[in-house]
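Novice: Give the three-dimensional model of this entry:
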Amino acid sequence: MDAVYDITVAYPKDIIQAEKDLILRGPPKAIYFHVKRYATADLPQIQSDLETWLGTRWVEKEQTLSKFYEKNCFSAEMKGRRLNAIPLLYVSCIAWTGLVTFWLWLLSSFLIADLYFIAAMVVYSVITFYLNGIDRFELTRFKGETASQG
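Specialist: The predicted model follows:
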(Lines give C-alpha, C1' and ligand atoms only; values in the text may rest on other atoms or scores of the structure.)
Protein backbone atom coordinates (compact mmCIF):
# COMPACT_ATOMS: atom_id res chain seq x y z
CA MET A 1 0.00 0.00 0.00
CA ASP A 2 1.55 3.27 -1.08
CA ALA A 3 -1.19 5.74 -0.15
CA VAL A 4 -4.27 6.42 1.95
CA TYR A 5 -7.18 8.23 0.33
CA ASP A 6 -9.44 10.49 2.35
CA ILE A 7 -12.79 10.65 0.56
CA THR A 8 -15.47 13.07 1.73
CA VAL A 9 -18.94 12.61 0.27
CA ALA A 10 -21.47 15.46 0.23
CA TYR A 11 -25.09 15.52 -0.82
CA PRO A 12 -26.20 19.09 -1.62
CA LYS A 13 -29.93 18.52 -1.13
CA ASP A 14 -31.10 15.16 0.17
CA ILE A 15 -28.67 13.95 2.81
CA ILE A 16 -28.72 10.16 2.95
CA GLN A 17 -28.41 8.94 6.55
CA ALA A 18 -29.39 5.29 6.13
CA GLU A 19 -30.62 2.75 3.61
CA LYS A 20 -34.18 3.61 4.65
CA ASP A 21 -33.69 7.12 3.19
CA LEU A 22 -32.81 5.61 -0.19
CA ILE A 23 -35.93 3.46 -0.13
CA LEU A 24 -38.30 6.22 0.99
CA ARG A 25 -36.89 9.23 -0.92
CA GLY A 26 -34.92 7.63 -3.74
CA PRO A 27 -31.31 8.35 -4.69
CA PRO A 28 -29.87 11.85 -4.29
CA LYS A 29 -29.97 14.17 -7.30
CA ALA A 30 -26.26 14.99 -7.01
CA ILE A 31 -23.26 13.65 -5.11
CA TYR A 32 -19.97 15.51 -4.62
CA PHE A 33 -16.66 13.89 -3.74
CA HIS A 34 -13.61 15.54 -2.21
CA VAL A 35 -10.56 13.27 -2.47
CA LYS A 36 -7.20 13.79 -0.78
CA ARG A 37 -4.24 11.46 -1.17
CA TYR A 38 -1.73 10.90 1.63
CA ALA A 39 1.42 8.95 0.81
CA THR A 40 1.99 6.12 3.28
CA ALA A 41 5.56 7.32 3.79
CA ASP A 42 4.21 10.66 5.09
CA LEU A 43 1.96 9.08 7.73
CA PRO A 44 3.04 8.95 11.38
CA GLN A 45 4.58 5.61 12.32
CA ILE A 46 3.81 5.68 16.05
CA GLN A 47 0.29 4.54 17.00
CA SER A 48 -0.49 7.55 19.23
CA ASP A 49 0.75 9.99 16.58
CA LEU A 50 -1.32 8.21 13.94
CA GLU A 51 -4.42 8.47 16.16
CA THR A 52 -3.81 12.22 16.59
CA TRP A 53 -3.27 12.62 12.84
CA LEU A 54 -6.49 10.75 12.12
CA GLY A 55 -8.43 12.85 14.65
CA THR A 56 -7.14 15.99 12.91
CA ARG A 57 -8.33 14.60 9.55
CA TRP A 58 -11.83 14.10 11.01
CA VAL A 59 -11.91 17.70 12.26
CA GLU A 60 -10.78 18.91 8.81
CA LYS A 61 -13.43 16.72 7.17
CA GLU A 62 -16.18 18.27 9.33
CA GLN A 63 -14.90 21.77 8.50
CA THR A 64 -14.82 20.87 4.79
CA LEU A 65 -18.41 19.63 4.94
CA SER A 66 -19.55 22.75 6.84
CA LYS A 67 -18.01 24.97 4.17
CA PHE A 68 -19.57 22.81 1.46
CA TYR A 69 -23.06 23.25 2.91
CA GLU A 70 -22.54 27.02 3.21
CA LYS A 71 -21.34 27.50 -0.39
CA ASN A 72 -22.69 24.34 -2.07
CA CYS A 73 -19.19 23.47 -3.34
CA PHE A 74 -15.97 22.26 -1.76
CA SER A 75 -13.85 25.25 -2.85
CA ALA A 76 -13.62 27.80 -5.64
CA GLU A 77 -10.27 26.54 -6.92
CA MET A 78 -11.44 22.95 -7.24
CA LYS A 79 -12.52 21.97 -10.70
CA GLY A 80 -15.17 19.29 -10.86
CA ARG A 81 -16.31 17.19 -13.73
CA ARG A 82 -19.68 15.77 -14.45
CA LEU A 83 -19.80 12.09 -15.17
CA ASN A 84 -21.67 11.04 -18.23
CA ALA A 85 -24.40 8.96 -16.65
CA ILE A 86 -25.72 7.29 -19.80
CA PRO A 87 -22.93 4.69 -20.30
CA LEU A 88 -22.91 4.07 -16.56
CA LEU A 89 -26.66 3.56 -16.67
CA TYR A 90 -26.32 0.90 -19.36
CA VAL A 91 -23.54 -0.89 -17.49
CA SER A 92 -25.61 -0.78 -14.30
CA CYS A 93 -28.69 -2.15 -16.04
CA ILE A 94 -26.72 -5.01 -17.59
CA ALA A 95 -24.95 -5.82 -14.32
CA TRP A 96 -28.14 -5.73 -12.23
CA THR A 97 -30.06 -7.78 -14.81
CA GLY A 98 -27.32 -10.40 -14.71
CA LEU A 99 -27.23 -10.42 -10.92
CA VAL A 100 -31.01 -10.71 -10.59
CA THR A 101 -31.08 -13.49 -13.20
CA PHE A 102 -28.35 -15.36 -11.32
CA TRP A 103 -30.20 -15.01 -8.00
CA LEU A 104 -33.50 -16.15 -9.54
CA TRP A 105 -31.76 -19.21 -10.97
CA LEU A 106 -30.07 -19.90 -7.63
CA LEU A 107 -33.32 -19.50 -5.69
CA SER A 108 -35.22 -21.77 -8.06
CA SER A 109 -32.50 -24.45 -7.98
CA PHE A 110 -31.41 -24.82 -4.36
CA LEU A 111 -33.38 -24.90 -1.10
CA ILE A 112 -30.36 -23.69 0.89
CA ALA A 113 -30.27 -20.54 -1.28
CA ASP A 114 -33.95 -19.93 -0.45
CA LEU A 115 -33.26 -20.23 3.27
CA TYR A 116 -30.19 -17.98 3.04
CA PHE A 117 -32.11 -15.35 1.06
CA ILE A 118 -35.01 -15.31 3.53
CA ALA A 119 -32.68 -15.10 6.53
CA ALA A 120 -30.61 -12.32 4.93
CA MET A 121 -33.73 -10.30 4.07
CA VAL A 122 -35.11 -10.63 7.61
CA VAL A 123 -31.81 -9.56 9.19
CA TYR A 124 -31.37 -6.69 6.73
CA SER A 125 -34.97 -5.49 7.25
CA VAL A 126 -34.67 -5.55 11.04
CA ILE A 127 -31.36 -3.69 10.96
CA THR A 128 -32.63 -1.13 8.45
CA PHE A 129 -35.99 -0.29 9.99
CA TYR A 130 -35.45 -0.88 13.71
CA LEU A 131 -31.78 0.08 14.13
CA ASN A 132 -31.76 2.85 11.48
CA GLY A 133 -29.31 1.22 9.08
CA ILE A 134 -26.29 -1.04 8.98
CA ASP A 135 -23.89 1.83 9.65
CA ARG A 136 -25.68 2.71 12.92
CA PHE A 137 -25.71 -0.96 13.89
CA GLU A 138 -21.94 -1.21 13.36
CA LEU A 139 -21.34 2.04 15.28
CA THR A 140 -23.40 0.78 18.22
CA ARG A 141 -21.48 -2.51 18.25
CA PHE A 142 -18.15 -0.64 18.07
CA LYS A 143 -19.08 1.68 20.94
CA GLY A 144 -20.15 -1.33 23.02
CA GLU A 145 -16.88 -3.15 22.37
CA THR A 146 -14.72 -0.12 23.16
CA ALA A 147 -16.70 0.60 26.35
CA SER A 148 -16.16 -2.96 27.56
CA GLN A 149 -12.42 -2.74 26.80
CA GLY A 150 -11.95 0.67 28.43
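
Novice: Do a quick rundown of the helices in this protein.
Specialist: For the chain, the helices defined by DSSP state H cover 19-25, 47-71, 85-109, 111-130, 134-149.

Novice: can you put those in CSV and add distance to Tyr32, mean pLDDT and mean neighbour count?
Specialist: The way it works is simple: take the backbone N, C-alpha and C, and place the C-beta from them, glycine included. As requested, the helices of the chain are exported to CSV (distance: least, CB to CB, whole Å; pLDDT from 0 to 100; neighbours: other CB atoms under 10 Å):
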stretch, distance to Tyr32, mean pLDDT, mean neighbour count
helix 19-25, 17, 75, 13
helix 47-71, 7, 89, 12
helix 85-109, 15, 84, 10
helix 111-130, 25, 88, 12
helix 134-149, 19, 76, 11
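
Novice: so which of the ones you listed gets nearest Phe33?
Specialist: When those are compared by CB to CB, helix 47-71 sits nearest Phe33, at 10.9 Å.

Novice: any idea how far Met1 is from Tyr38?
Specialist: Distance, Met1 to Tyr38, using CB to CB, to the nearest Å: 11 Å.
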